[in-house]
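Participant: After the sequence you'll find the predicted model.
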Amino acid sequence: QLQLVESGGGLAQPGGSLRLSCAASGSTLDYYAIGWFRQAPGKEREGVSCIGSTGGNTNYADSVKGRFTISRDNAKNTVYLQMNSLKPEDTAVYYCAADRRNYGCSPRGGVYAYWGQGTQVTVSS
């Protein structure tokens, strides 16, 4: 059974950076697309970014394009989300999720079968 654990969240100042990690256990990530999602208090869950199983396909929400970068290291069974130029509106609980597929990735959370427990990101001065 695939299990995902997020880490790297915390408090950052506006304009600062954080790098989130999504570490997998129980199965290799080689066959899974990985998505990052976030949910702020009182708001619906939002797709942030996703990456295909080989890393060749990526997708970003308009709100994070040019600021966030998703990457993966299949040898380490880990996916990363580098977040730069953080804004207060990036404050949310961030989740990673896995979707077994051969090609591409989906921004829709409903297709992802496996989810981590989330990590809090707070952007505030």
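Facilitator: In hand now; what should we look at? Since the structure is predicted, the reported quantities are computational estimates derived from the model, not experimental observations. Residues are numbered from 1 along each chain as shown.

Participant: Now for the residue most central in space within the chain: which residues touch it?
Facilitator: What sits nearest the mean C-alpha location of the chain, by C-alpha atoms, centre = their mean, is residue 36, with 2.5 Å. Residues in contact with residue 36 (C-beta atoms under 8 Å, 6 or more residues apart in numbering) are 20, 22, 47-50, 70, 79, 81, 94-97. Glycine gets a C-beta too; all of them are placed from N, C-alpha and C.

Participant: For it, give its distance to residue 125.
Facilitator: 24 Å (C-beta to C-beta, to the nearest Å).

Participant: List only buried entries from the contacts of residue 36.
Facilitator: 20, 22, 47-50, 70, 79, 81, 94-97 (16 or more other C-beta atoms under 10 Å).

Participant: Reformat these into CSV and put distance to residue 121 next to each item.
Facilitator: Compiled in CSV, those are given as follows (distance: C-beta to C-beta, whole Å):
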residue, distance to residue 121
20, 8
22, 13
47, 15
48, 10
49, 14
50, 18
70, 15
79, 16
81, 10
94, 5
95, 11
96, 13
97, 16
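
Participant: Can you tell me which of the residues you listed comes closest to residue 108?
Facilitator: Nearest to residue 108 out of the buried ones among the contacts of residue 36 is residue 47 (C-beta to C-beta; 6.9 Å).
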